[in-house]
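> generate a structure from the sequence data that follows.
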Amino acid sequence: MTGFKLGGTEVADTFAEAFPMRYARLVITAATEAWAHEAARSATGFATSVIGCKCEAAIERPRADLETPDGRPGISVLLFAMDRDGVGKRVVERVGQCVLTCPTTACFDGLPGAERMAPLGARLRYFGDGFQASKLIAGRRFWRIPVMEGEFLVTDSVGVGRGVGGGNLVIGAGDDNAALAGAQAAVGAMRGEGIALPFPGGMVRSGSKVGALTSKSMPASTNHQMAPTLRAQVPDTLVPEGVGAMFEIVIDGVSEEAVREAMRRGLHAAAAAGATYVTAANFGGKLGEFHFPLAELRDPP
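Model prediction:
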């Protein structure tokens, strides 16, 4: 597969294929940044892929005290699902189990101007068993749910926006240490406003394909074309000679442009960190409406 060079990095002439998704942004605050981070980390756990986890979620970024509705330390998280109903269900589950339960937290809507909404406190309030109270602040309804420490303040509903899921880069090098270093550099460059990298540490070593060659019951299975140890067994391998390890980075974003620019930053960071090969995964352009050709990311961010 022909492509282009970024310094010493070969970049394949291919594209990443992504899909429309719906998302919510939660702003979690607490008495300290450490407790806000604990709640955010718990709320975004087991949320790597809609295939097995029903949603994809990640910490977006810390928010300075003055950016949070209650002036306390906070962290914003992004949660993606295939439709508004899916977002609403997962938000209620995760806030109820992971934020309500965490010391000193409160939970606010990070998309106050969204056209579509999903209930949050409107459902969690029943945990208060009749002792909960509603509160209007600047025209928005919140719920005060009594807990053993005091009260949990939570927004009545959250905005649901239109986002993009499944943008990706695949970072390769001669061995796993070099490939990991390139992928870590890409992850560090991609993270930020409007971006969620849902897999552990922002990357996945078990890249997958739709379905399986040997089982009709598997919705996804190992991407054998990108497995370096299978190069000699797979006639249509996509792993070049000299590449001994590859890591995929899956990118969800609040817009097509957010995903594209995150991929651009990641591509150039991986090349600067010594990755020898960068490609992307797609489905031949048949499944996802968003296509991100790597050649269009050639110019630096």
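> when you work out contacts or count neighbours from here on, use the C-alpha atoms and nothing else.
Will do.
> residues near the residue lying closest to residue 12 once chain neighbours are set aside, how many?
Among residues not flanking residue 12 along the chain, residue 3 sits closest, at 4.4 Å (Cα to Cα, 6 or more residues apart in numbering). Counted with other Cα atoms under 10 Å, the neighbours of residue 3 add up to 13.
> if I look at the nearest residue to residue 57 once chain neighbours are set aside, how far off is residue 184?
In space, residue 57 comes closest to residue 79 once its chain neighbours are excluded; the distance is 4.2 Å by Cα to Cα, 6+ apart. Separation of residue 79 from residue 184 (Cα to Cα, to the nearest Å): 22 Å.
> neighbour count winner among these two?
residue 79 (29 against 22).
> can you give me phi and psi for residue 103?
phi -50, psi 140 (degrees, to the nearest 10).
> make 257 the first number, not 1, from now on.
I'll keep to 257 as the first residue from here, and by that count the last item is residue 359.
> pLDDT value on it, please?
Listed pLDDT for residue 359 reads 98.
> need the contact list for the closest residue to it other than its chain neighbours.
For residue 359, ignoring the flanking residues on the chain, the nearest one in space by Cα to Cα, 6+ apart is residue 291 at 7.0 Å. By Cα atoms under 8 Å, 6 or more residues apart in numbering, the residues touching residue 291 are 358, 359, 360, 361.
> where's residue 291 relative to residue 405, distance?
14 Å.
> tell me the phi and psi of residue 437?
Backbone geometry at residue 437, expressed as degrees, to the nearest 10, gives phi -60, psi -40.
> who's in contact with it?
So residue 437 contacts 529, 530, 531 (Cα under 8 Å, 6+ apart).
> helix or strand: which one has residue 526?
For residue 526, the element it lies in under DSSP states H and E is helix 512-528.
> for whichever helix or strand comes after that helix, what does the pLDDT average out to?
Next in sequence after helix 512-528, counting helices and strands by DSSP H and E, comes strand 533-535. Computed over strand 533-535, the mean pLDDT rounds to 98.
> contact partners of strand 533-535?
Here strand 533-535 has contacts from 265-271, 425-429, 499, 523, 550, using Cα under 8 Å, 6+ apart.
> now stretch 358-370
280-287, 291-292, 294-295, 325, 332, 351, 355-356, 405, 408-411, 413-417.
> and what about residue 380, helix, strand or coil?
helix (DSSP: H, G, I helix; E, B strand; the rest coil).
> pretty sure it sits against residue 348.
Yes - Residue 380 sits in contact with residue 348 when judged by Cα atoms under 8 Å, with a separation of 7.0 Å.
> chain center to the helix holding residue 526, what's the gap?
15 Å (Cα atoms, centre = their mean, to the nearest Å).
> which neighbouring elements make contact with that helix?
Contacts defined by 3 or more Cα pairs under 8 Å, 6 or more residues apart in numbering; DSSP states H and E place helix 512-528 against strand 413-429, helix 432-446, strand 451-452, strand 501-509.
> can you show me the CA trace of that helix as CSV?
Taking Å, rounded to 0.1, in the frame of the first residue of the first chain, the C-alpha atoms of helix 512-528 are listed here in CSV:
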residue,chain,number,x,y,z
GLU,A,512,-16.4,15.6,12.6
GLU,A,513,-13.9,18.4,12.8
ALA,A,514,-12.9,17.6,16.4
VAL,A,515,-12.1,14.0,15.4
ARG,A,516,-10.2,15.0,12.3
GLU,A,517,-8.0,17.5,14.2
ALA,A,518,-7.3,15.0,17.0
MET,A,519,-6.2,12.5,14.4
ARG,A,520,-3.9,15.1,12.8
ARG,A,521,-2.3,15.8,16.2
GLY,A,522,-1.9,12.1,16.9
LEU,A,523,-0.4,11.3,13.6
HIS,A,524,2.3,14.0,13.9
ALA,A,525,3.0,13.2,17.5
ALA,A,526,3.5,9.5,16.7
ALA,A,527,5.8,10.2,13.9
ALA,A,528,7.9,12.6,16.1
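> what's the angle between that helix and helix 432-446?
140 degrees (axes from the mean of the first three to the mean of the last three Cα atoms, to 10 degrees).
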